[in-house]
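Asks: kindly return the folded structure for what I paste below:
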Amino acid sequence: MKNDDLKSMSVDELWNLHERVVAELSLKIAAERSTLDQLLRELGSAVGNGTSNRARRPYPKVMPKYRNPRNQSETWAGRGKTPRWLRAQLRHGKKLNDFLIGKKRA
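Replies: Predicted coordinates:
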């Protein structure tokens, strides 16, 4: 189909063409997806579904280093995101060393 053909078409004709193209694309995408799913299933059975029999490496328990003085049950080991209670305290001018557990504060 040439560009001139599209320019000479009415809005209704263009809309009908659009709907036909969308329908055809949907069918082709569905067929392609099923083909790819089949290939993935075949690959998964050949590899063993990607799971291994190896156990995950045990990580040591990390003891908390910091404690919330207002709520003694809230602790943080210093890993990952800083807890909200600690961020709020730091914003108000306190130092991280103020929250250390079991050490003299410098």
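
Asks: which parts of this protein are helices?
Replies: 3-8, 11-47, 84-91 (DSSP state H).

Asks: can you say which of those is nearest to Arg56?
Replies: helix 11-47 (18.9 Å; C-beta to C-beta). The C-beta positions use only the backbone N, C-alpha and C, and glycine is treated the same way.

Asks: still on that earlier bit, now render the helices of the chain as CSV, adding mean neighbour count and distance to Asp98.
Replies: Below are the helices of the chain laid out as CSV (neighbours: other C-beta atoms under 10 Å; distance: least, C-beta to C-beta, whole Å):
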stretch, mean neighbour count, distance to Asp98
helix 3-8, 9, 71
helix 11-47, 10, 52
helix 84-91, 14, 8
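
Asks: Ile101: which of those helices is closest?
Replies: It's helix 84-91; of these, that one is closest to Ile101 (C-beta to C-beta) at 12.5 Å.
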